[in-house]
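S.K.: task: produce atomic coordinates for the following.
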Amino acid sequence: MEQVELINLPVPSTQQVKEPVFGDIREDWDRVRFGIGDLLQLHPHLTFRPEDVYAACVAGRAVYWKAEGGFVISTVEIDTFTEEKTFLVWLAYAWEHGNDNVAKHIEFFKRVTREAGIKYLEVRTNITAMGTRLMKTGWQLDHMIYRIEA
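M.R.: From the prediction side, this is the model:
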């Protein structure tokens, strides 16, 4: 899938629950870089560097969302064959683990996806427990990727 520049995403509404908001990754880089570094240590199969995430956000190919308990980096991907758009939660990080931050903000990201005219919201993980939790809340498993070094 190709990535597309993110433009014209809706501004988050104000509700009782504090929703994620657009952030400027340059302002929060030291803290965000730490979170990305932590994710890369936990998941060494990931191929990007923290600076790649920074560059994608600054160039408008990804969006940095600030949340009370952490942050999300999202992108929009376009299917090469159908041209359907998918709102991808590329990275999600919680400053304190175990607070179920994904569940707290999923309705927000579903709304942003719909309001941007995008059909699908997607997360990718190799954490089995996360997949199990998502499946219990209406998510569907689309595909799995198995890899071996040749």
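
S.K.: now stretch 61-79: mean pLDDT?
M.R.: Averaged over stretch 61-79, pLDDT sits at 95.

S.K.: and that stretch, how far apart are its ends?
M.R.: The stretch stretch 61-79 measures 16 Å between its terminal residues, going by CA to CA, to the nearest Å.

S.K.: low-scoring stretches of the protein, by residue?
M.R.: For the chain, the stretches flagged by pLDDT under 70 are 1-17, 98-100.

S.K.: residue nearest the middle of it, spatially speaking?
M.R.: Val89 (2.0 Å; CA atoms, centre = their mean).

S.K.: tell me, how many residues neighbour the closest residue to it other than its chain neighbours?
M.R.: Counting by CB to CB, 6 or more residues apart in numbering, Val89 lies nearest to Val123, which is 4.6 Å off, once chain neighbours are set aside. From N, CA and C alone the C-beta is placed, and that goes for glycine too. When neighbours are defined as other CB atoms under 10 Å, Val123 has 19 of them.

S.K.: correct me, but Val123 touches Phe87?
M.R.: No - applying CB atoms under 8 Å as the test, Val123 and Phe87 come out as separate, 9.9 Å apart.
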